[in-house]
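Novice: Got a sequence here, can you build the structure:
(one chain, ligands or ions: 2)
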Amino acid sequence: MSRVLIIGAGGVAAVTIKKCARLPELFDEIYLASRTVSKCEALQQEVGIDRVKGVFAVDADHASEVVKVINQVKPDLVINLALPYQDLAIMDASLETGVHYLDTANYEPKDVAKFEYSWQWAYQEKFEKAGLTALLGSGFDPGVTNVYTAYAAKHYFDEIHYLDIVDCNGGDHGQAFATNFNPEINIREITQRGRFFEHGEWKETDPLSVREDLDYQNIGVRASYLMFHEELESIVKHFPTLKRARFWMTFGDAYLTHLKVLEGIGMTSIEPIDFQGQKIVPLEFLKAVLPNPGSLADGYTGMTCIGTYITGIKDGKEKTIFIYNNCDHAACFAEVGAQAVSYTTGVPAMIGASLMLNGKWKKPGVWNMEQFDPDPFMDMLNQHGLPWHVLECDKSPFSQ
Ligand SMILES: NC(=O)c1ccc[n+]([C@@H]2O[C@H](COP(=O)([O-])OP(=O)(O)OC[C@H]3O[C@@H](n4cnc5c(N)ncnc54)[C@H](O)[C@@H]3O)[C@@H](O)[C@H]2O)c1
Ligand SMILES: N[C@@H](CCCCN[C@@H](CCC(=O)O)C(=O)O)C(=O)O
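Specialist: Residues are numbered from 1 along each chain as shown. Ligands and ions are numbered 1, 2, ... in the order given. Take a look at the predicted model:
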């Protein structure tokens, strides 16, 4: 019998909770806590009070508040689906109360747009000594892309050398400009300098300055831009044979034009400004005027295609494979009332939690997804709405 506490009640949490609720043999008691308790109540109504046993208001910026909720619920596992700013406070609370931990995005300090694993990896010894498991980045990217890499290394190669993760949202939500997950986190990520790993060192590029036109399965050719994404950091550490690792995301011209204008006029800044006698952060204000990502789901058409190209050596010969998933926005809406970006994150969070609860992915310490056996995770992706495919490629599709 397992009891889980989910923290956060946004787009991703709404998918995870619905998926967990369908597996009573693993998630027999589900509790939900978030800053705004009315959002938790709405989800409880939707999913059913028999499955979501209790809801709580919590400010997860403070470990002491999370500890209070954990002590009331006494869960086996905390699933952190709030924002990256809360990761450390929730990890501290998990340690204090002796509860396992899972998240989907690595820690980022609110006042510096910088995300890296150093802060969370520093908890390794504490979790190990406490006999607790912390699973980091159980979304799609990071998450499934790490598992794809581990699966390829295990089943397709003797040694992997080149990795390119590609993330295409080929969908149309009909809005002039909107982000598909938390706008503040999304825009902070996209506007950073690009970074990739080559021959043992990290190299930087100007933001979105390197482009490849790539052909995505069931979508077509899309402009794809080199960016830094957090899974690169853990994957190059855990697969030291990699000579190069890069991440690419697609953006349309209209999206980039809006972003350029917003940046140009200072609306993406995280530096507080004075506004009518009050301090406000322009990016937080922008978040308030942009559509709520969850609201995009109704009427969203098209698909995402996220995958990993891997080139390496098998039996002395070089080869390239592409492992990917297509996820259809409208099908996600029909199934759980969400769009595909929330769905592709929320389902892997449920799968990571399942494997922790059934003991297949349980080991004291702090772990990235690629450090566990990929096979049970890959099986569950096929069973729970994110089927994957492996293409053997004649050659790598990248021109650089
Ligand atoms: N790995 C991936 O593939 C991937 C992809 C998309 C999003 N994500 C991550 O998923 C997480 C959730 O994204 P989302 O789109 O659902 O965001 P969202 O903004 O829709 O939801 C976040 C939720 O957290 C709550 N929250 C915020 N601050 C809080 C606090 N201090 N205390 C308690 N609750 C708080 C909000 O009220 C909201 O309910 C984010 O960390 C995001 O970075 C990961
Ligand atoms: N899985 C991604 C989700 C973000 C997709 C971002 N692409 C933009 C492109 C929009 C456009 O070109 O119109 C999007 O918001 O979908 C992640 O991990 O960050």
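Novice: can we go C-alpha only for contacts and neighbour counts from here?
Specialist: Fine.
Novice: where do the helices sit along the stretch 1-150 of the chain?
Specialist: 11-21, 37-47, 63-73, 87-97, 118-121, 124-130, 144-155 (DSSP state H, counting those that start in this stretch).
Novice: So which of these is nearest ligand 1?
Specialist: Within the helices of the stretch 1-150 of the chain, the stretch nearest ligand 1 is helix 11-21; the backing value is 3.8 Å (CA to the nearest ligand atom).
Novice: returning to that earlier point: highest mean neighbour count out of the helices of the stretch 1-150 of the chain?
Specialist: Among the helices of the stretch 1-150 of the chain, ranked by average contacts under mean count of other CA atoms under 10 Å, first place goes to helix 11-21 (a mean of 25).
Novice: Spell out whether it and ligand 1 are in contact.
Specialist: Yes: contact of helix 11-21 with ligand 1 (CA under 6 Å from any ligand atom) involves 11-13.
Novice: Show me what that helix is packed against.
Specialist: The contact analysis (3 or more CA pairs under 8 Å, 6 or more residues apart in numbering; DSSP states H and E) places helix 11-21 against strand 3-7, helix 37-47, helix 340-357.
Novice: will you turn the helices of the stretch 1-150 of the chain into TSV that also has distance to ligand 2?
Specialist: What follows is the helices of the stretch 1-150 of the chain, written out as TSV (distance: least, CA to the nearest ligand atom, whole Å):
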stretch	distance to ligand 2
helix 11-21	11
helix 37-47	22
helix 63-73	26
helix 87-97	17
helix 118-121	19
helix 124-130	25
helix 144-155	10
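Novice: would a markdown table of those with mean pLDDT be doable?
Specialist: Conversion of the helices of the stretch 1-150 of the chain to a markdown table gives the following (pLDDT from 0 to 100):
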| stretch | mean pLDDT |
| --- | --- |
| helix 11-21 | 97 |
| helix 37-47 | 98 |
| helix 63-73 | 98 |
| helix 87-97 | 98 |
| helix 118-121 | 96 |
| helix 124-130 | 98 |
| helix 144-155 | 98 |
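Novice: closest one to Pro374 among those?
Specialist: Set against Pro374 and scored by CA to CA, those come closest in helix 144-155, at 5.5 Å.
Novice: Please tell me how far the closest one is from the chain's geometric centre.
Specialist: 16 Å (CA atoms, centre = their mean, to the nearest Å).
Novice: Ok, stretch 100-119 next?
Specialist: The answer for stretch 100-119 is 11 Å, by CA atoms, centre = their mean.
Novice: would CSV of the helices of the stretch 1-150 of the chain with distance to Asn292 be doable?
Specialist: Shown next, in CSV, are the helices of the stretch 1-150 of the chain (distance: least, CA to CA, whole Å):
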stretch, distance to Asn292
helix 11-21, 9
helix 37-47, 13
helix 63-73, 25
helix 87-97, 22
helix 118-121, 29
helix 124-130, 35
helix 144-155, 25
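Novice: Tell me which of these approaches Pro183 most closely.
Specialist: Evaluated over the helices of the stretch 1-150 of the chain, closeness to Pro183 peaks at helix 11-21, with 11.7 Å, by CA to CA.
Novice: what angle sits between that closest one and helix 340-357?
Specialist: Computed by axes from the mean of the first three to the mean of the last three CA atoms, to 10 degrees, the angle separating helix 11-21 from helix 340-357 equals 50 degrees.
Novice: quick one, what contacts the closest residue to ligand 1 within the stretch 201-350 of the chain?
Specialist: Residue of the stretch 201-350 of the chain nearest ligand 1, by CA to the nearest ligand atom: Thr345 (4.8 Å). Residues near Thr345 by CA atoms under 8 Å, 6 or more residues apart in numbering: 12, 104, 138-141.
Novice: Buried ones among those?
Specialist: 12, 104, 138-141 (16 or more other CA atoms under 10 Å).
Novice: Just give me the closest of those to ligand 2.
Specialist: Asp141 (5.0 Å).
Novice: right, and the closest one touches Glu231 too?
Specialist: Yes: when contacts are counted by CA atoms under 8 Å, Asp141 is listed as touching Glu231 (7.0 Å).
Novice: Burial check on Lys203, number of neighbours?
Specialist: 11 (other CA atoms under 10 Å).
Novice: show me what contacts it?
Specialist: Counting by CA under 8 Å, 6+ apart, Lys203 touches 195-197.
Novice: switch the cut-off to 10 Å
Specialist: The contact partners of Lys203, by CA atoms under 10 Å, 6 or more residues apart in numbering, come to 194-197.
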